[in-house]
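# 3D model of this:
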Amino acid sequence: RFSQTRGVLMTASETNDVKAKRLSSADYAENFSDIHPPLTPHEAFVEADRCYFCYDAPCMTACPTSIDIPMFIRKIQAANPVGSAKTIFEENIMGGMCARVCPTETLCEEVCVRETAEGKPVKIGLLQRYATDTFME
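Presented below is the predicted three-dimensional model:
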């Protein structure tokens, strides 16, 4: 059996150290934990309440997937995270993954009106994660 690494074929004996369960559960949890923990329902509600729901939403213009950001945040504020997730998934089927890896701090959050006025944008990425995680549970 061969595995391909950087264009070089390696025999199975050369990959003996590649196996499951090399890390303890504690090491795995520490090494692969979230940099930013998810929001609790209360934190999500408070954060959603900070949004101005701008008519010409610069955050939406900055989003490469054109998610209706004010709408999904408004649904979180209305205690409807499942509806919020549906709004996200209508534009981006990979919205849950994007909530974790998208550089929101240089896209939607950077142009947030709260960022330009106060230096503290609405946490759009964490709100997106809250909505999509709630939907997937």
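# tell me which residue lies nearest the centroid of this structure.
With distances taken as CA atoms, centre = their mean, the residue of the chain nearest its centroid is Ala99 (1.5 Å).
# please report how far it lies from Glu30.
Using CB to CB, to the nearest Å, Ala99 is found at 22 Å from Glu30. Where C-beta positions appear, they are placed from N, C-alpha and C, glycine not excepted.
# got the contact list for Arg129?
Counting by CB atoms under 8 Å, 6 or more residues apart in numbering, Arg129 makes contact with Pro38, Leu39, Gly96, Ala99, Arg100.
# among these, which two are most distant?
Using CB to CB, the pair of the contacts of Arg129 lying farthest apart is Leu39 and Gly96, separated by 14.1 Å.
# nearest residue to Gly87 other than its sequence neighbours?
Let me fix one detail, which is that residue 87 is Thr and not Gly. Counting by CB to CB, 6 or more residues apart in numbering, Thr87 lies nearest to Phe72, which is 4.3 Å off, once chain neighbours are set aside.
# measure the residue nearest to the centre of the chain to Ile69 for me?
To Ile69, Ala99 is 12 Å away according to CB to CB.
# how many other residues sit next to Ala62?
A count of neighbours around Ala62, defined by other CB atoms under 10 Å, yields 18.
# that one and Cys112, how far apart?
9 Å.
# picking up where we left off before, most surrounded residue in the contacts of Arg129?
Compared across the contacts of Arg129, Ala99 has the highest neighbour count, 23 neighbours, by other CB under 10 Å.
# so that residue sits against Gly125, correct?
Yes - if you go by CB atoms under 8 Å, Ala99 and Gly125 touch, sitting 5.7 Å apart.
# quick one: mean pLDDT for the longest helix belonging to the chain?
Ranked by residue count under DSSP state H, the longest helix found in the chain is helix 124-136. The pLDDT scores in helix 124-136 average 97.
# buried set for that helix?
For helix 124-136, burial by neighbour count (16 or more other CB atoms under 10 Å) applies to Ile124, Gly125, Leu126, Leu127, Gln128, Arg129, Tyr130, Ala131, Thr132, Asp133, Thr134, Phe135.
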